[in-house]
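Participant: have a look; sequence and predicted model below, questions after that.
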Amino acid sequence: ETAVFQTPNYHVTQVGNEVSFNCKQTLGHDTMYWYKQDSKKLLKIMFSYNNKQLIVNETVPRRFSPQSSDKAHLNLRIKSVEPEDSAVYLCASRSRTGQNYAEQFFGPGTRLTVL
Amino acid sequence: GEQVEQLPSILRVQEGSSASINCSYEDSASNYFPWYKQEPGENPKLIIDIRSNMERKQIQELIVLLDKKAKRFSLHITDTQPGDSAMYFCAASKNNNAPRFGAGTKLSVKP
């Protein structure tokens, strides 16, 4: 099956803890993204990676950091979570080489709740 | 970065009627405009997109229009069905930059 996979589906933690979310795509894409979707459904780009190079780094808090081992994986680490980090984190991937305007495919999301 | 405005935020229509969602963008260099549908508990899924070399595109009951001069684009769903009820997001991107999304429209189609 070719798709974008995310783990875990849900995560509940306390303020100050460190969390890490995994994302893997088997679509052969070379660009991956992390979006944050808040309770109002606003979708905001956080990071994008192309061939292990960060190509977009939005003004997100420093406690967030993307981690990539290869072009099929892009994990997201939050060093010390805060209540406002509660949201759904969506991973996406896209083909950048060749066709310029390729469709983004989204993973199922990871819902983070910070108590 | 690119800002995308989307209206309305909530749209209620009667089954069989049309629904229209409007978006505007700031960067005149934007050249790719996808539309996503997101159902409750699901991830966003692409339903239709349009590139800057086109003014109109139709896939079945979905029509997208692009007015590059006005920097506006819109989605029109003709003959709406209850299954069309969902969140809809427009987005705009320039070349291979990460698409920026509008705030979303919650569409409710009443039987």
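Facilitator: All right, it came through fine. Numbering: from 1, shown residues only, chains lettered A, B, ... in the order given.
Participant: for residue A:7, list each beta-bridge partner.
Facilitator: Counting by DSSP bridges, residue A:7 is bridged to residue A:22.
Participant: which residues of chain B lie near chain A?
Facilitator: Neighbours of chain A within chain B, by CB under 8 Å from any CB of the partner chain: B:1, B:31-32, B:34, B:38, B:42-46, B:49, B:51, B:87, B:89, B:93, B:95-101, B:103-104, B:106. For every residue, glycine as well, the C-beta is placed using N, CA and C.
Participant: show me the contacts for the residue most central in space within chain A.
Facilitator: Closest to where the C-alpha atoms of chain A average out (CA atoms, centre = their mean) is residue A:34, at 2.8 Å. Applying CB atoms under 8 Å, 6 or more residues apart in numbering or on different chains, we find residue A:34 in contact with A:23, A:45-48, A:66, A:74, A:76, A:89-92.
Participant: show me which residues of chain A are close to chain B?
Facilitator: Counting by CB under 8 Å from any CB, the residues of chain A that sit close to chain B are A:31, A:33, A:35, A:40-45, A:48, A:56, A:58, A:90, A:96, A:100-101, A:103-109.
Participant: pairing partners for the helix or strand of chain A with the lowest mean pLDDT, with directions?
Facilitator: Within chain A, no helix or strand scores below strand A:53-57, which has a mean of 74 by mean pLDDT, DSSP states H and E. Applying DSSP bridges, strand A:53-57 is found paired with strand A:43-50 (antiparallel).
Participant: could you dump the partner strand to CSV, C-alpha only?
Facilitator: What follows is strand A:43-50, C-alpha atoms only, in CSV (Å, rounded to 0.1, in the frame of the first residue of the first chain):
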residue,chain,number,x,y,z
LEU,A,43,-4.2,24.5,8.7
LYS,A,44,-0.8,26.0,9.1
ILE,A,45,2.5,24.9,7.5
MET,A,46,5.2,24.2,10.0
PHE,A,47,8.1,22.6,8.1
SER,A,48,8.9,21.1,4.8
TYR,A,49,11.9,19.0,3.8
ASN,A,50,13.3,18.2,0.4
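Participant: hang on, the earlier thing: would CSV of the contacts of residue A:34 with pLDDT and neighbour count be doable?
Facilitator: Below are the contacts of residue A:34 laid out as CSV (pLDDT from 0 to 100; neighbours: other CB atoms under 10 Å in any protein chain shown):
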residue, pLDDT, neighbour count
A:23, 97, 25
A:45, 91, 23
A:46, 92, 20
A:47, 90, 22
A:48, 89, 26
A:66, 91, 19
A:74, 94, 27
A:76, 96, 22
A:89, 97, 23
A:90, 97, 24
A:91, 97, 28
A:92, 96, 26
